[in-house]
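*Asks:* below are the sequence and a predicted model; questions follow.
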Amino acid sequence: MTGNHALVRDGFWVFGYGSLIWNPGFEFTERRPATLSGYARSFCMWSIHHRGTPEAPGLVLALDEDERAQCHGLAFHVGPEVAEGTLAYLRERELVSSAYLEREVVLRLEDGRDQSALAYVVDPDHVQYTGALSLERQAEVIASAAGGRGPNCDYLFSTARHLAQIGMEDPELTELSDMVRHRLNA
């Protein structure tokens, strides 16, 4: 990863693929659609803070390494004047339980440029890593879990809705949303 000094001095890009899309929580100077190759977006991390508890974990999205995959999301540019505070905020938010790893990745922006960016990817050796869960199991967990930032289903619904609104609908998240709604209305 690029040194902290360079990130703060020059500003940086960060890749949003889940809640950062609809709730970045930081100032940015530019936002562009982007694609990250070699990673898949999936509900592969137990959430024991934000969308679940240690006793009843929820699920949150993470980038899981997969050389055949591509993940569509948004790249945010953070200017140098707010870079230090934003980096601290992102680390507090994303590295709360050390289940994510901060990585420097290369994104393909919508205009065809390749851009180095920070991304938070799942640590497959961490106890919160779930591996591949069936959609049925994901729906079961997401329909019932809640944590410090609210019901797990709200996280799913917001992410799926915002991806569709920006023209990046994720068919698996759409199907999962339907499954969770069915469970909630049953």
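*Replies:* All right, it came through fine.
*Asks:* pull the longest strand from the protein.
*Replies:* strand 58-78 (DSSP state E).
*Asks:* how about the helix or strand following it: buried residues?
*Replies:* Later in the chain than strand 58-78, the nearest helix or strand by DSSP states H and E is helix 80-94. By 16 or more other Cβ atoms under 10 Å, the buried positions in helix 80-94 come out as 82-83, 86-87, 90, 93-94. For the C-beta atoms, the positions are set from N, CA and C on the backbone; glycine is no exception.
*Asks:* ok, residues contacting helix 80-94?
*Replies:* With Cβ atoms under 8 Å, 6 or more residues apart in numbering as the test, helix 80-94 has contacts from 4, 7-12, 14, 25-27, 78, 100, 102, 118, 120.
*Asks:* where does this protein have low pLDDT?
*Replies:* Applying pLDDT under 70 to the chain flags the ranges 1-7.
*Asks:* tell me which residue is most central in the protein.
*Replies:* In the chain, the residue lying closest to the centroid (Cα atoms, centre = their mean) is residue 18, at 3.4 Å.
*Asks:* that one reaches residue 43, doesn't it?
*Replies:* No - using Cβ atoms under 8 Å as the test, residue 18 is too far from residue 43 to be in contact (9.5 Å).
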